[in-house]
Every structure is written in structure tokens, then in C-alpha cells.
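Engineer: build me a model:
(2 chains)
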Amino acid sequence: MSPLSRLTLFLALMSSVSFGGIPSVLPDIHDFVVTAHGWLTDRDFSNFFALAQTIPGPNMIMMMGLVGWKVGGIPGAMAAAGATAIPPCTMYFIGYRLWDRFRDASWQKLVRASLAPFTFGLVVAGGTVMAETGDKSWAAIAISAASVILLLTTRRNPLWMLGAAALLGALGLV
Amino acid sequence: MPTGALQQPGAAAPPASARASLGALFIEFIKISMLGFGGGIVLAHRCAVERRRWLTEAEFADALTLCQFMPGPNVVGIAVCIGAKTRGLLGALTAFAGFALIPGTIGFMLAVLYLGQARIPLVQHTLTGISAAAAGLMIGTGLRFLRPHWRDPRAMTLAGAAFLGLAIIKLPLLLILAVLAPLGIAMTALMRPRTS
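Structural biologist: Reported below is the predicted structural model:
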């Protein structure tokens, strides 16, 4: 099997079991492409990760696109991105259809009542982890805190806050 | 435009499919994806619930919960679910295309360009600022979802456990989903006879 077909199959498998998001299987992907096959260096892998985090868009699909690009050029990028996106999206669609069809079933009310607050807690935690890794100065922490407060107390478009923070960053104040 | 048109929370919403054209789904998800630094949940919620009213708050929370517990890139899942809810399979494909195809291609090209360059400090600084705001917006969005449950000790315990596990104790997400979530369901089931 060619390296690209092997990568594509592997990514399709990984994306299908990536409960909690692609980051949860990143260590396995790292082992496969860096340690086992040597298609990428350690540095490539972490550069791709950092880059995908900072460029807007579907981050993890882009990151796997970069991995595929390294293995097989543009066709490699397309195959890897497809393998990352298509299996989960198929499952999301089917899963949502079923979930929505049985939304009044009593088991689902029970599951929803338990898992919804849980999910909200995870969203808050996700933002907290992001702040922890990204906020390296008091100014950055202040921006994060101000964003929390503004989002909770005003109905202003969040893009204003992102724009203002971008400006403060560009001016070297963060 | 439509903001404020349907302000009363109890008002019956017209069927979502009547309001979401495929073109609007496509364009909105391109915007959400391209502007949604640090994950599109904040902007997807703003667009689909507050601005366009394609989904109710509860339906959005529903989709978010489902996506959290399914494998894959969660935010793309939100796009698929909103598309599926409003316009079925075609809607799901359109929302996915808007969210992933065009922004993904642009992002990929930017990344390849950037990898060929030395690091530009101005870009780095700008991104540091954006990332700080994005983190705060995500925390704020989570808290906003929790606001209706503020006085519900059961819901707040579950949210607190999830937060503690992921952000403070730093348990792997998979472990949290596999162990804490079923415990939460059990807890809800046990408390139900008394509370309802």
C-alpha cells in the first residue's frame, strides 16, 4: 500500500473514534506519522498544530491536510482532509437524525437533562484551558476576562471583541 | 435585520426550513468558519439562534450536546446538525461545504505560504490578542448556556464536575466522557422521582 493510502485509511479510522474531537487522537496520529513512519519530523507536527490553531477555519481538518500535503502533495492534502472530515460528518448526520426523531422519548429527556449541563461545563473548561495556554501576560488575561464579561452582559457582536483584541495585539500591548 | 423581531421567548417559531435558504446556510457558515477564531461555537450560536433564529436555544444546546459525545471535529458537527435541522441532507451538505471547503482551502493555502516564510512578529502579536479574546468568549458562551440552570443544584454539579475534570484536574477528555457522563445520567435518574 502506498504511504498516502495508508495515511488516509489510518486517519479515517482515527477520525471515526475521536470522541471529544480530533485533539483526543492527536497522540496516536503523531505516533503513526512521526514515530512509526517518519513522514514528518516532530517539529513539523507541532508547527502544523500551532498554525492550525491560529488560522481560522476548520482547524483540525486543515492540520491533517498539512500532514497529507507533506506525505503526498496536494492530492495527499485532499485525501487526508477528506478522511478526517467525511466519516465523522456522516455519523453526525445520521446521529442527529436519530437524536432529533426521538427527542420526546423519555430516555432521551433523561440523557439530555444529564449531558447538557455537562457539555456546558466542558465548553467553559475548554475556554479556560485555551486561556491557560494562550494568555502569557496580564494584559492577555485581562482581555480574556473582559471578553467573558462583555459576552455575558451585552448583546454586542463578539466580532467586535475579537477585532479590538487583534488591534491591541498588533499594537504590541498584549 | 431580523434581530429583535421575535423577542418574546415564548413565541412559537415558524418552521426552521421556511427561514433557512441553502444560500444563507452556505454564506453564514463560511463567515462562522472564517471569523471563528478558536472554534466557531460562539459565532454559530450567535448566528443560528440569536440572529437568524434557525434553531431555538434548546435545539442548539441539543445539537451541541450530541456533537460533544460523538467522534469528530465538534464544530463541524454543529454545522452539519444545523444544516440537517433546517434543510435535511442538502442543508447538512451545504453547511458543511460552507464551513469546511472554502475556509479550509484558504486556510490551507495561508498555512503553506506561512510555512515558507520567517515568523512575522506583527502576525504573532495580533494572534496572541485574538486568542485571548477567543478564550474569554468561549468561557462566556459556556456560562451563558448555564445561566438558565443557575439555581438547579443537580445541573450545576454536573457542569462543575465536567469543568473540574477537564480544566483543573486535567483528566483526558475521553475518560471524562466515558466515566463522568454515565455517572451524571445515573445521578439524574436517581434524583428524578423526587424532583419531577
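
Engineer: show the contacting residues for the residue nearest in space to the middle of chain B.
Structural biologist: With distances taken as C-alpha atoms, centre = their mean, B:I41 lies nearest the centre of chain B, 2.9 Å away. Neighbouring residues of B:I41 by C-beta atoms under 8 Å, 6 or more residues apart in numbering or on different chains: A:123, B:64, B:75, B:78, B:138, B:141. (C-beta placed from N, C-alpha, C; glycine too.)

Engineer: what number of residues lie near the second one?
Structural biologist: To tie it back to what came earlier, the one meant is B:L64. B:L64: 26 surrounding residues under other C-beta atoms under 10 Å in any protein chain shown.

Engineer: name the element the residue lying closest to it once chain neighbours are set aside belongs to?
Structural biologist: Among residues not flanking B:L64 along the chain, A:T119 sits closest, at 5.8 Å (C-beta to C-beta, 6 or more residues apart in numbering or on different chains). Using DSSP states H and E, A:T119 falls within helix A:106-134.

Engineer: so for that helix, mean pLDDT?
Structural biologist: If you average the pLDDT over helix A:106-134, you get 87.

Engineer: for B:T56, phi and psi?
Structural biologist: Main-chain dihedrals, B:T56, degrees, to the nearest 10: phi -80, psi 170.

Engineer: just checking, it touches B:H45?
Structural biologist: No - in this structure, B:T56 is not within contact of B:H45 by C-beta atoms under 8 Å, at 11.5 Å.

Engineer: higher neighbour count, those two?
Structural biologist: Between B:T56 and B:H45, B:H45 has the larger neighbour count (other C-beta under 10 Å), namely 22 against 14.

Engineer: ok, back up a step: which residues sit in contact with the residue nearest to B:L64?
Structural biologist: B:61, B:64-65, B:68-69, B:145, B:162.

Engineer: quick check on A:F19: phi, psi?
Structural biologist: Dihedral angles for A:F19 - degrees, to the nearest 10 - are phi -60, psi 130.

Engineer: what sits closest to it if chain neighbours are left out?
Structural biologist: That would be B:P71: by C-beta to C-beta, 6+ apart, it lies 4.9 Å from A:F19.

Engineer: how many other residues sit next to the one you found?
Structural biologist: For B:P71, using other C-beta under 10 Å, the count is 23.

Engineer: any idea of the pLDDT on it?
Structural biologist: 89.

Engineer: wouldn't it be in contact with A:T90 here?
Structural biologist: No - contact criterion C-beta under 8 Å: B:P71 and A:T90 do not qualify, at 11.1 Å.

Engineer: mind listing the helices for chain A?
Structural biologist: Taking DSSP state H to define them, one finds helices in chain A at A:3-16, A:26-30, A:42-54, A:59-101, A:106-134, A:138-153, A:158-170.

Engineer: domain map for the chain?
Structural biologist: Answering for chain A, as no chain was given. A:3-101, A:106-170 (automatic domain parsing).

Engineer: nope, chain B
Structural biologist: Using automatic domain parsing, chain B is parsed into the domains B:19-132, B:139-196.
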